[in-house]
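# Quick one, fold the following:
(one chain, ligands or ions: 1)
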Amino acid sequence: MLTDNHGRKISYMRLAVTDRCNLRCFYCMPEHGLDWLSRTELMTNEEMLQICGLLVKMGIEKIRITGGEPFVRKDIMQLLTGISGLNGLKELGLTTNGVLTAPYVPELKKIGVRSINLSLDTLDANRFFTITRRDEFSNVMASLDAMLSHDMEVKINAVVMDGKNTQDIIPLVELAKELPVSVRFIEEMPFNGDGHVYDGLHWDYVRILDEIKNKYPEIKKLDDPAYSTSYNYQIPGHKGSIGIIAAYSRTFCGTCNRIRITPQGELKTCLYDDGVLNLKDLMRKGASDEVLQGALLTAFSHRPADGWEAERARVAKTGIHESMATIGG
Ligand code: SAM
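Next up is the predicted model:
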């Protein structure tokens with residue numbers, strides 16, 4: 001079993017395959033986009049597969065592909081197919097905005113992807129446009145349909161933003177009335193690509209729950225699965241469930257089992273750190289698996305206790321300027 005210096009199991013990796021995205025969610029990046037990485041700065045499929053293979057041998061059991069938007073990467077299906085064939089990997093999932101996803105769903109199912117996180121902050125097409133600056137709502141809903149009709153486990157992730165979509169909390173809750181989906185509300189974090197100044201958290205997990213309880217006082221707490229980042233609930237009679245992720249309040253660090261790899265190959269052992277090891281650079285210098293493994297183990301033995309410690313360490317150096325798209329949200 002892979003563990004860190006605080007005795008926490010490490011078994012889950014989120015791999016960001018690109019920083020590019022076909023939406024411009026205002027809380028994630030500026031309207032003009034980011035300073036996109038060049039092709040050579042991105043890891044190749046072969047490099048990503050090598051790292052995944054090594055980490056699975058070391059004890060990673062679950063990999064989630066993210067970005068940027070995974071489906072803007074042209075060779076994404078080859079990568080997913082390669083990863084899905086790794087011996088010892090128990091689960092392969094992905095996170096997508098759903099703009100391009102629908103046609104890929106049958107093939108995803110075929111290669112063994114059973115769970116998809118779909119980002120959707122509103123059920124109102126106009127507000128969708130205001131938030132994402134793109135007119136893609138109908139494509140996202142088509143992807144949701146495709147996922148459900150292929151019996152995929154779907155988690156819908158909605159960032160809750162003061163003055164932007166809090167009127168969507170109840171409609172999103174009600175999506176789980178008829179559909180077997182888990183709707184998860186996420187606290188907004190400061191990773192907005194410098195598009196605007198983060199002026200503190202207005203809707204924390206307590207306030208989000210209060211809003212739902214106001215309408216549905218009968219809401220019940222569910223047992224949270226091991227390593228869950230969400231507090232989970234169910235409203236009696238609803239097919240799906242509700243989750244609340246205290247991403248800014250960071251209430252789950254004590255059991256955090258996840259690491260991240262950014263599109264340029266930077267290992268993050270905490271969402272709030274600024275990268276602790278560049279795996280792509282090591283690989284391009286010809287490092288063997290043995291050398292990579294040693295470097296990874298050293299990084300795992302220096303993990304911050306929690307996201308507050310990680311944030312303090314980096315704010316002292318650089319502050320937080322990057323977008324979730326460059327982190328692997
Ligand atoms: N494009 C894919 C998607 O939309 O799911 C994957 C990448 S996206 C960066 C991953 C998740 O990060 C999305 O659910 C998005 O809403 C979330 N996210 C981005 N910026 C955020 C922020 N500032 N605070 C909280 N969540 C954020």
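# Tell me, what's the model's pLDDT at the residue lying closest to residue 69 once chain neighbours are set aside?
Nearest residue to residue 69, sequence neighbours excluded (C-beta to C-beta, 6 or more residues apart in numbering): residue 21, at 4.5 Å. The C-beta positions use only the backbone N, C-alpha and C, and glycine is treated the same way. At residue 21, the pLDDT value in this model is 97.
# Where does residue 21 sit: helix, strand or coil?
coil (DSSP: H, G, I helix; E, B strand; the rest coil).
# Surely it touches residue 71?
No. Counting by C-beta atoms under 8 Å, residue 21 stays clear of residue 71, with 10.0 Å between them.
# Quick one: classify residue 95 as helix, strand or coil.
Residue 95 is classified as strand under three-state DSSP.
# you'd agree it is up against residue 63?
No. Counting by C-beta under 8 Å, residue 95 stays clear of residue 63, with 11.4 Å between them.
# Can you work out which residues contact both of those two?
Contact criterion C-beta atoms under 8 Å, 6 or more residues apart in numbering; residues shared by residue 95 and residue 63: residue 14.
# For those two, indicate the residue with more neighbours.
Comparing residue 95 with residue 63 by other C-beta atoms under 10 Å, the one with more neighbours is residue 63, at 24 against 21.
# which residues touch that one?
So residue 63 contacts 12, 13, 14, 15, 52, 56, 83, 89, 91, 92, 93 (C-beta under 8 Å, 6+ apart).
# is the last one in a bridge, and if so with what?
This means residue 93. Applying DSSP bridges to residue 93 yields these beta-bridge partners: residue 64, residue 115.
# same deal with the first one?
Taking DSSP bridges as the rule, residue 12 bridges to residue 62, residue 258.
# surely it meets residue 261?
No. In this structure, residue 12 is not within contact of residue 261 by C-beta under 8 Å, at 11.9 Å.
# how close does residue 97 sit to the ligand?
3 Å (C-beta to the nearest ligand atom, to the nearest Å).
# quick one, phi/psi of that residue?
The phi and psi values for residue 97, taken as degrees, to the nearest 10, are phi -90, psi -10.
# go on, residue 230?
Main-chain torsions, residue 230, degrees, to the nearest 10: phi -110, psi 150.
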